[in-house]
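In: Using only what follows, build the 3D model:
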Amino acid sequence: MRMVLSFFLLTVLFAWIPGSAGLESALALKTSLLANYDKSSRPVKEASSAVNVDFDISLRQIIDLAEKEQAFRMNIWLRLYWDDEYLTWNATEHGGIDSLTIRSSDVWRPDIFLYNNIAENYGAIGTVTDLTVTNAGRVTFLLPAIFTSACPVDITRFPFDKQDCVLEFGSWIYTGNLLNISLVKSSADLSMYTQSEEFVLKGAPLERKVAVYSCCPDPYVSILFTLQLERRSFFYIFNMVLPCIILMILNVFGFYIPPDSGEKLGFFITILLALVVFLQVLSDSLPATSTTTPQLGQFFAATIALVGFSCLASIVVIRLSYNSPPSRPLPRWLRLLLLRYLARLFCMNTIADEKHVVHPVKEGVEIVSLTDSKEGTNQSTPSSTHDLQLACTEMLRHIRNFIQQCEEKKQEEEDQEEWKMAALVLDRALMFVIGLGSIIVCLILLQ
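Out: Below you'll find the model as predicted:
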């Protein structure tokens, strides 16, 4: 039993000693490297030499693109590589150690900033992770970060728009002669990218930019990271465009409601109020700008204009259907336009074939015939008394007045009926006009 316990202790001891020795060697090496290290100075031995920083990005997730604030927020992994001439050693002299992990706050790091940052951290790269350095002085700094940048949003074709959000990374104090930034690849790494529910990522190119500013004569090097986004429009089509199209269809078929039902004008006004609510919801989600109007907003505005025209047309049709007495005859040009040409054009032949020309009342015939009867009676009965003649004259006057009133009433009824028929034809014509206008609006503004 003692032999087994002794063997176990010896095994643990021999296994622990190399690791302990390696750990002590790493600590001693790190202490030696950082003893006289100045992290505020560029890690080059020649002052005229530039530090070459290799820049790479891995895109993780698009968090949000706020159109109203014109702010773009994303999660990315920065990958920076450079050579530090003061962090080199001979691996054979330090127990074969060829790499070390050092706190990033203990050594020099390139002051890479996000130029178009709008967050509270000023766009500076933090020190949340350590960095690794090889015995040749090659430093690898891998940093996860969440950046919020300004992104001017063009909402002209919203929700069928495409946006290009550009992030510009560069040094804040070092010129290109002191800190040279180069690209590892021409595009960002998308192997770990999480698909966005709102946008489709079409590309993520990287571009090196050299610019000279008015403040400084030397050039500054920066990296432009462009995210090419295309909006997924199904959400807006399903929740806004489709209900609006349904309201447009109801607007067209609203002309089938009879003008004398009393519900036609109220039906159009209800559709108009629904469209105004949809337009208000849309305006709340877009930036308050007067330079451009989104395509979806133009679609709603055109639909509201069509429904407003339907309300005006309904008012005109109702007014024609209830032409207050004494009614005037339908003008000849309007009779020809509505009851002949348009009625036949819209297959309302039963109205077009009816006779609507009102002839003048032939009162003279009846009066003459009655007068002739009276004269014949006088000739046949010359012995009639004067009272009988007066009674016959009074009776003829009442009959004539009654006939005249009946004819005037009939004339007014025929004129009123003619106005109603003209209103029905006009109503059908306006329905086709609104239907054609709705189709044109959909074809132009929904492509």
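In: ranges for the helices of the stretch 251-400 of the chain?
Out: With helices called from DSSP state H, counting those that start in this stretch, the stretch 251-400 of the chain shows them at 264-284, 295-321, 332-334, 343-345, 349-352, 363-380, 386-445.
In: mind listing what's buried in stretch 30-37?
Out: K30, L33, Y37 (16 or more other CB atoms under 10 Å). C-beta here means a position set from N, CA and C on the backbone, and glycine is covered the same way.
In: same thing with stretch 61-77?
Out: For stretch 61-77, burial by neighbour count (16+ other CB under 10 Å) applies to I62, L65, E67, Q70, A71, F72, R73, M74, N75, I76, W77.
In: Lowest-confidence entry in those residues?
Out: Across the buried residues of stretch 61-77, the bottom pLDDT score, 83, is held by E67.
In: Quick one: neighbours of the closest residue to that residue other than its chain neighbours, just the number.
Out: Setting aside the residues directly before and after it, E67 is nearest to V153 in space (CB to CB, 6 or more residues apart in numbering), at 4.9 Å. Counted with other CB atoms under 10 Å, residues neighbouring V153 total 20.
In: For V153, list the residues it contacts.
Out: Applying CB atoms under 8 Å, 6 or more residues apart in numbering to V153 gives the contacts L65, E67, Q70, Q163, P287.
In: what's the answer for C442, then?
Out: C442 neighbours (CB under 8 Å, 6+ apart): I245, M248.
In: Could you report the separation of it from N121?
Out: 47 Å (CB to CB, to the nearest Å).
In: do the same with P152
Out: For P152, the distance to N121 - CB to CB - is 22 Å.
In: Then A343?
Out: On the measure of CB to CB, A343 and N121 end up 74 Å apart.
In: which of the residues in stretch 242-257 are buried?
Out: By neighbour count with 16+ other CB under 10 Å, stretch 242-257 contains the buried residues C244, I245, L247, M248, N251, V252, G254, F255, I257.
In: So the protein: which segments form each domain?
Out: Following automatic domain parsing, the chain resolves into domains at 39-232, 233-376+385-447.
In: Would you convert these into a markdown table that also reports distance to S25?
Out: Listed next are those as a markdown table, based on distance: least, CB to CB, whole Å:
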| stretch | distance to S25 |
| --- | --- |
| domain 39-232 | 4 |
| domain 233-376+385-447 | 59 |
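In: between the ones you listed, which gets the lowest average pLDDT?
Out: domain 233-376+385-447 - the lowest mean pLDDT of the domains of the chain, at a mean of 77.
In: May I ask you to name the longest strand in this protein?
Out: In terms of residue count, the longest strand belonging to the chain (DSSP state E) is strand 51-66.
In: Tell me the helices and strands packed up against that one.
Out: strand 71-83, strand 162-171, strand 179-183, strand 199-203, strand 220-231 (3 or more CB pairs under 8 Å, 6 or more residues apart in numbering; DSSP states H and E).
In: list the buried ones in the following helix or strand past the first one?
Out: To tie it back to what came earlier, the one meant is strand 71-83. Remark: after strand 71-83, the chain's next helix or strand is strand 99-102, criterion DSSP states H and E. Within strand 99-102, the residues scored as buried using 16+ other CB under 10 Å are L100, I102.
In: go on, stretch 89-104?
Out: By 16+ other CB under 10 Å, the buried positions in stretch 89-104 come out as W89, H94, I97, L100, I102, S104.
In: Over to stretch 45-52?
Out: Applying 16+ other CB under 10 Å to stretch 45-52 flags A50, V51 as buried.
In: CA atoms of that stretch as PDB?
Out: What follows is stretch 45-52, C-alpha atoms only, in PDB (Å, rounded to 0.1, in the frame of the first residue of the first chain):
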ATOM      1  CA  LYS A  45      13.400  51.400 -33.100                       C
ATOM      2  CA  GLU A  46      13.700  53.900 -36.000                       C
ATOM      3  CA  ALA A  47      11.600  57.000 -35.500                       C
ATOM      4  CA  SER A  48      11.000  57.400 -39.200                       C
ATOM      5  CA  SER A  49       9.700  53.900 -39.600                       C
ATOM      6  CA  ALA A  50       5.900  53.300 -39.800                       C
ATOM      7  CA  VAL A  51       4.000  50.700 -37.900                       C
ATOM      8  CA  ASN A  52       2.200  48.500 -40.400                       C
END
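In: residues making contact with that stretch?
Out: Residues contacting stretch 45-52 (CB under 8 Å, 6+ apart): 42-44, 82-83, 85-86, 110, 174, 176-180, 182.
In: ok, now with 7 Å
Out: Contacts to stretch 45-52, defined as CB atoms under 7 Å, 6 or more residues apart in numbering, come from residues R42, P43, V44, W82, D83, E85, P110, N177, L178, L179, N180, S182.
In: re earlier: columns distance to R397 on top of the buried residues of stretch 89-104, output as JSON lines?
Out: Listed next are the buried residues of stretch 89-104 as JSON lines, based on distance: CB to CB, whole Å:
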{"residue": "W89", "distance to R397": "137"}
{"residue": "H94", "distance to R397": "140"}
{"residue": "I97", "distance to R397": "136"}
{"residue": "L100", "distance to R397": "130"}
{"residue": "I102", "distance to R397": "127"}
{"residue": "S104", "distance to R397": "120"}
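In: Can you say which two of these are spatially most distant?
Out: H94 and S104 (21.7 Å; CB to CB).
In: pLDDT score assigned to S6?
Out: 52.
In: re earlier: among the buried residues of stretch 61-77, which one sits closest to T127?
Out: W77 (15.4 Å).
In: and the gap between the closest residue in space to the closest one that isn't next to it in sequence and T194?
Out: Spatial nearest neighbour of W77, excluding adjacent residues (CB to CB, 6+ apart): S58 at 4.1 Å. Distance, S58 to T194, by CB to CB: 12 Å.
In: How about K185?
Out: If you go by CB to CB, the gap between K185 and T194 works out to 20 Å.
In: again, but for R208
Out: Counting by CB to CB, the gap from R208 to T194 is 27 Å.
In: just I440 next, same as before
Out: Where T194 is concerned, I440 sits at a distance of 41 Å (CB to CB).
In: what's the answer for C406, then?
Out: Distance, C406 to T194, by CB to CB: 86 Å.
In: Mind checking which of A343 and N121 has more residues around it?
Out: Neighbour count, other CB under 10 Å: between A343 and N121, A343 has more, with 23 against 13.
In: What about the closest residue to W82 other than its chain neighbours, how many residues nearby?
Out: In space, and not counting its chain neighbours, W82 is closest to V53: 4.6 Å by CB to CB, 6+ apart. Neighbour count for V53, taken as other CB under 10 Å: 22.
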